[in-house]
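Enquirer: Predicted coordinates and the sequence they were generated for:
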Amino acid sequence: MKNREIAAIFGEMADILEVTGDNPFKVRAYRRAALNVESLARPVEGLSREELLAIPGIGEELASKIREYCESGAVHAHEKLKAEVPAGLLRLLAVPGLGPRTARLLVEKAGISDLDALEKAAREHRLEGIPGIRAKTEENILKGIGTVKRGIERRPLGHVMPLAEELVAELGRVASVGRIELAGSIRRRRETVKDIDIVATATAAAPLMERFTALPAVERVLMHGPTRSSVLVRDGIQVDLRVVEPVSFGAALAYLTGSKGHNIRIRDLAVKMGLKVNEYGIFRERDDLRLGGEEEDDVYRLLGLPFIPPELREDRGEVEAALAGRLPRLIETGDIRGDLHVHSRASDGAHTLEELVAAAQSRGLAYLALTDHSRGLGVAHGLSVERLMEQHRQVEEMNRRLSGFTVLHGTEMDIRSDGTLDFPDEVLAELDVVIASVHSGFRQPRETITARIAAAMRSPYVSIVAHPTGRLLGERDPYEVDMEAVLREAQKTGTAMEINAYPLRLDLDDTAARRAGELGVPLVISTDTHAISQFDSLGYGVAVARRAWLEKGQVLNTLAADKLLARLKGGNRGKPH
DNA sequence: GCCGTTTTCGGCCCGACTGTTTTCAGTCG
């Protein structure tokens, strides 16, 4: 899939055009194209010219550049642009507070064209004297270089969310605070986030800002204004707080939730209707008459749109869909009836089946599938055939004692390095749910891994393929796999694909899950629970599904257990419990 | 470079904060 490569090229072209002072709207066109190509579910190399032109932000010019890259592996205009600027220059743009204009000045006035040269010059106070740069800017540049060197990588949503909720709760206790909510990429539930955005109303904004910038967690204050402040808390996580009047809360929430691309589309739409949208409200352009803004829905309603859920606000076609009345009715956490991927103490989980059942029941689920690892995964105490069959009796016995809750018996079976399955068919035939997944041979070539997964899906006994890229956010890169080929095989064989809700996995990711949905591939959302608290990460998996435009009907574990078994391929299908 | 219920040419989202400026440019979100 060349999407990512092409997105990187367009992004870099935007950077270069910006530094060289080209038309800012052209820069934006490249940025928008980069985002849309990157988040496109389908591989661009298979698209016709017409299909390319249908991608938002792709016109004749960029479509032909995409085709050029697919055919030749390079874009001539990109190579030409690269030759115009020193190689290290674009790295300067990564320094917070240092933008294209300053970067250009640094090259022209001081001959600085990479990070090391910049740091040296700043330490020796050689930047002062460049127009617009004095001691303070020099100091900020040095701080910014420190930030770049520490790495300002995005963090998994699941790691940041608890802190974010804590901060909102703490600020919410301030007496003058009215409404307060998380916004930004956290509210859109991106899988990773860079900062925490909070929007609030307060009877007195200034004292709240004082309180915010003085929170115990705050390590550094980046910006401190009357209505907007930014601070750094532990691990260098940035937190932005915006305070508005109650009458503007909805407009501010919409504005701060973004994404940037979505906001531009919304405001563009407003302009065409003679309206103006900003963080204070929605106004009639002609006389500045306020039409709304207290509630977020005002913004959409006054533009003639249905409410667009935050998870869709990525400028991936949601504005067009809203205009056409074709927004999906997104799945919700409460739609999930059971968890199909759960480990017990028998393999590498922490709890007994009894404990897992109690935990699932207390969370309102109606069933779970016990899916311990198979024998091949020695490190996880994978089950032998004998232990699996013993467990089978245990599950049957448990089901006799339960009412209103069902334990399905399954396995998370290893797809071995050579592509064979870890249990023979006659064993799989005894199970309700067979998950197949890769736990070895991560470095095999793309074709090999893809073929292993595809072969597993062709088994009539395999119900689900779990975490198909093996990635662990921030810890382990995904292995090489041809996702399009995997999804097509799933489509052909009727095998379900898992959205793994464990916050470091979220695998399928939103892009792949959306593609799966387009292809009509059945999906499941599972927690891969190894400890009881992990049942609570289900919402992260549902968030991926929502970002993938999925509806309840596309996710099999929204069904009751008996209907689920009737729909699920493989194993002991439809046998009554 | 994209795009079209005002347009195929002439537009293209909007505002806060900072640092360096005496009125604003740059950066960010």
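Expert: Now that the structure is in, tell me what you want to look at.
Enquirer: mind listing the helices for the stretch 451-577 of chain A?
Expert: A:483-493, A:510-519, A:538-547, A:561-567 (DSSP state H, counting those that start in this stretch).
Enquirer: what's the first one packed up against?
Expert: To tie it back to what came earlier, the one meant is helix A:483-493. Counting by 3 or more Cβ pairs under 8 Å, 6 or more residues apart in numbering; DSSP states H and E, the packing neighbours recorded for helix A:483-493 are helix A:446-458, strand A:496-500, helix A:510-519. From N, CA and C alone the C-beta is placed, and that goes for glycine too.
Enquirer: how about a markdown table for those, with mean neighbour count added?
Expert: A markdown table is the format used below for these (neighbours: other Cβ atoms under 10 Å):
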| stretch | mean neighbour count |
| --- | --- |
| helix A:446-458 | 19 |
| strand A:496-500 | 28 |
| helix A:510-519 | 22 |
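Enquirer: Adding distance to DNA strand B, write those out as CSV.
Expert: What follows is the helices and strands packed on helix A:483-493, written out as CSV (distance: least, Cβ to the nearest atom of the strand, whole Å):
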stretch, distance to DNA strand B
helix A:446-458, 30
strand A:496-500, 28
helix A:510-519, 19
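Enquirer: Name the stretch among the helices of the stretch 451-577 of chain A that sits most buried.
Expert: Highest mean neighbour count of the helices of the stretch 451-577 of chain A: helix A:538-547, a mean of 26 (counted as mean count of other Cβ atoms under 10 Å).
Enquirer: what angle sits between that one and helix A:510-519?
Expert: Counting by axes from the mean of the first three to the mean of the last three Cα atoms, to 10 degrees, helix A:538-547 lies at 60 degrees to helix A:510-519.
Enquirer: avg pLDDT for helix A:538-547?
Expert: Mean pLDDT, helix A:538-547: 97.
Enquirer: Next: stretch A:270-281.
Expert: On average, stretch A:270-281 scores 90.
Enquirer: where's it relative to the chain centroid, distance-wise?
Expert: 29 Å (Cα atoms, centre = their mean, to the nearest Å).
Enquirer: ok, now stretch A:172-188?
Expert: That offset, for stretch A:172-188, works out to 21 Å (Cα atoms, centre = their mean).
Enquirer: How about it and DNA strand B, any contact?
Expert: Yes - under the criterion of Cβ under 7 Å from any atom of the strand, DNA strand B is reached by stretch A:172-188 at residue A:184.
Enquirer: what comes into contact with that stretch?
Expert: By Cβ atoms under 8 Å, 6 or more residues apart in numbering, the surrounding residues in contact with stretch A:172-188 are A:157, A:160-161, A:164-165, A:168, A:171, A:193-204, A:207-208, A:211, A:240, A:242, A:246, A:249, A:253, A:256-259, A:310-311, A:313-314, A:547.
Enquirer: Those in helices, which ones?
Expert: Among the contacts of stretch A:172-188, the ones falling in helices (DSSP state H) are A:157, A:160-161, A:164-165, A:168, A:171, A:207-208, A:211, A:249, A:253, A:256-257, A:547.
Enquirer: Ranking by neighbours, what's the top pick from those?
Expert: In terms of neighbours by other Cβ atoms under 10 Å, the ones in helices among the contacts of stretch A:172-188 top out with residue A:547 at 27 neighbours.
Enquirer: surely it meets residue A:189?
Expert: Yes - counting by Cβ atoms under 8 Å, residue A:547 touches residue A:189, with 6.2 Å between them.
Enquirer: got any residues that touch both of those two?
Expert: residue A:311.
Enquirer: related to what we said a few turns ago, reformat the helices and strands packed on helix A:483-493 into CSV and put mean pLDDT next to each item.
Expert: Listed next are the helices and strands packed on helix A:483-493 as CSV, based on pLDDT from 0 to 100:
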stretch, mean pLDDT
helix A:446-458, 94
strand A:496-500, 97
helix A:510-519, 95
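Enquirer: on that earlier part again, now, among the ones in helices among the contacts of stretch A:172-188, which is nearest to DNA strand B?
Expert: residue A:256 (6.4 Å; Cβ to the nearest atom of the strand).
Enquirer: how many neighbours does the residue lying closest to that closest one once chain neighbours are set aside have?
Expert: Counting by Cβ to Cβ, 6 or more residues apart in numbering, residue A:183 is the residue found nearest to residue A:256 once chain neighbours are left out, at 3.7 Å. Other residues lying near residue A:183 total 22 when counted by other Cβ under 10 Å.
Enquirer: what's next to the helix or strand containing residue A:122, contact-wise?
Expert: Element membership for residue A:122 (DSSP states H and E) is helix A:115-123. Here helix A:115-123 makes contact (Cβ under 8 Å, 6+ apart) with A:88, A:91-92, A:95, A:106, A:110-112, A:127, A:138, A:141-142, A:145, A:148.
Enquirer: change it to 10 Å
Expert: A:86, A:88-89, A:91-92, A:94-95, A:98, A:103, A:106, A:110-112, A:126-128, A:130, A:133, A:137-146, A:148-149 (Cβ atoms under 10 Å, 6 or more residues apart in numbering).
Enquirer: export that helix as PDB, just CAs?
Expert: C-alpha atoms of helix A:115-123 as PDB (Å, rounded to 0.1, in the frame of the first residue of the first chain):
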ATOM      1  CA  LEU A 115      19.200  21.200  14.000                       C
ATOM      2  CA  ASP A 116      22.800  20.900  15.300                       C
ATOM      3  CA  ALA A 117      23.800  24.100  13.600                       C
ATOM      4  CA  LEU A 118      20.800  25.800  15.000                       C
ATOM      5  CA  GLU A 119      21.500  24.600  18.600                       C
ATOM      6  CA  LYS A 120      25.100  25.700  18.400                       C
ATOM      7  CA  ALA A 121      24.200  29.100  17.000                       C
ATOM      8  CA  ALA A 122      21.600  29.700  19.700                       C
ATOM      9  CA  ARG A 123      23.900  28.700  22.500                       C
END
